[in-house]
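J.: predicted coordinates and the sequence they were generated for:
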Amino acid sequence: MERKWRIGAVSYLNTRPLLLGLEQSGLMPQIELVKAYPAKIAQDLIDGTIDMGLVPVAITPLLKEAHFVSNYCIGAEGEVASVCIFSQVPMEQIEKVYLDYQSRTSVQLARILIKDFWKKEVEFLKADEGYIQAINGTTAGVIIGDRALAARPHYKYIYDLASNWVEYTNLPFVFATWIANKPIPAEFMDAFDKANAYGLNHLHEVIDGIPMSEQVYDLHKYYAENISYAFTSEKRKGLELFLSLLK
């Protein structure tokens, strides 16, 4: 019996184009697909309960083996829209910042930008469920994913972490990419990348499959302008710089 590859993916809107092709491809008999929020998928990859995952890049140093196996990622070359610091006061007045429990990469990026780009000292607060309601006054918060898109109308100040990283470094940012904790056969990855590409070439099909109740933001703009899916050489440079700053 052919082995099944255990693959973890984030259950956010930003992964839908990559997953559409995968779920419609002939690869599904070879795959066991696990969906969760980024930090959970990351822990699964570290623990070895999955073989490969679309995971936050900040976990790379925590893996015994880290193989960047795909030509696709969740990245941004400008405003990403769904990874932001939300606040009711301007940056210079922020005193405390909640860090989204669903993420590893985004909260590390927020820490780097607050210290080195905005040159601020703040108190970082560990968030749990319901923390978004506590973002008020001089207390801001990092919110990621679909909840960030839904939060956009409710805050006076939105600091987009990707566009501020680009301003700070002149390089794009990679939030997550397909990482394996063991070598994956090239033949499988070639078919896997072709499946990833399908959704990116059929965005209308992706959007048509998403219920209107989940479309809290212009998804045409989100997929075509905000998220940048190709894992390019410039994105790899941005990723290397980010990982070096984590040290």
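T.: Perfect, I can see it now.

J.: domain ranges for the chain?
T.: For the chain, the structural domains run 5-75+173-246, 83-169, going by automatic domain parsing.

J.: any weak-confidence spans in the protein?
T.: Across the chain, residues meeting the criterion (pLDDT under 70) sit at 1-2.

J.: show me where it has strands.
T.: 5-10, 31-36, 52-56, 67-76, 83-87, 96-99, 123-126, 139-144, 157-160, 173-180, 228-230 (DSSP state E).

J.: dump those strands into TSV; add mean neighbour count as well.
T.: Where C-beta positions appear, they are placed from N, C-alpha and C, glycine not excepted. Written out in TSV, the entries for the strands of the chain read as follows (neighbours: other Cβ atoms under 10 Å):
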stretch	mean neighbour count
strand 5-10	23
strand 31-36	16
strand 52-56	28
strand 67-76	22
strand 83-87	25
strand 96-99	20
strand 123-126	12
strand 139-144	26
strand 157-160	18
strand 173-180	26
strand 228-230	19
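
J.: these: which one's closest to N201?
T.: Distances from N201 to each of those were compared using Cβ to Cβ; the shortest belongs to strand 228-230, at 10.8 Å.

J.: and the helices in this protein?
T.: 16-24, 38-47, 105-112, 145-151, 161-169, 186-201, 203-208, 219-221, 233-246 (DSSP state H).

J.: buried residues, the first one. List them.
T.: What it means is helix 16-24. Of all the residues in helix 16-24, those buried under the rule 16 or more other Cβ atoms under 10 Å are R16, P17, L18, L19, L20, G21, L22.

J.: how near is the fourth one to I210?
T.: Using Cβ to Cβ, to the nearest Å, one obtains 12 Å as the distance from L19 to I210.

J.: re the thing from before, same list (the buried residues of helix 16-24) but as TSV, adding distance to L219.
T.: Below are the buried residues of helix 16-24 laid out as TSV (distance: Cβ to Cβ, whole Å):
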residue	distance to L219
R16	9
P17	10
L18	14
L19	14
L20	13
G21	17
L22	19
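
J.: distance of L33 from D218?
T.: Distance of L33 to D218, computed by Cβ to Cβ: 28 Å.

J.: Provide a list of residues in contact with the residue nearest the centre of the chain.
T.: The structure's the chain has its C-alpha centroid closest to F175; by Cα atoms, centre = their mean the separation is 4.2 Å. Residues counted as contacts of F175 (Cβ atoms under 8 Å, 6 or more residues apart in numbering) are P56, V57, C73, I74, G75, A76, V80, V83, T105, S106, A162.

J.: looks like the last one contacts V83 (just checking).
T.: Translated: A162. Yes. If you go by Cβ atoms under 8 Å, A162 and V83 touch, sitting 6.2 Å apart.

J.: still on that earlier bit, out of the helices of the chain, which one sits most buried?
T.: Mean neighbour count (mean count of other Cβ atoms under 10 Å) peaks for helix 105-112 among these, with a mean of 23.

J.: by contact count, what packs against that one?
T.: Packed against helix 105-112 by the contact rule (3 or more Cβ pairs under 8 Å, 6 or more residues apart in numbering; DSSP states H and E) you find strand 83-87, strand 96-99, strand 139-144, helix 161-169, strand 173-180, helix 233-246.

J.: please redo it, this time with the cut-off set to 7 Å
T.: Using 3 or more Cβ pairs under 7 Å, 6 or more residues apart in numbering; DSSP states H and E as the contact criterion, the elements in contact with helix 105-112 are strand 96-99, strand 139-144, helix 161-169, strand 173-180.
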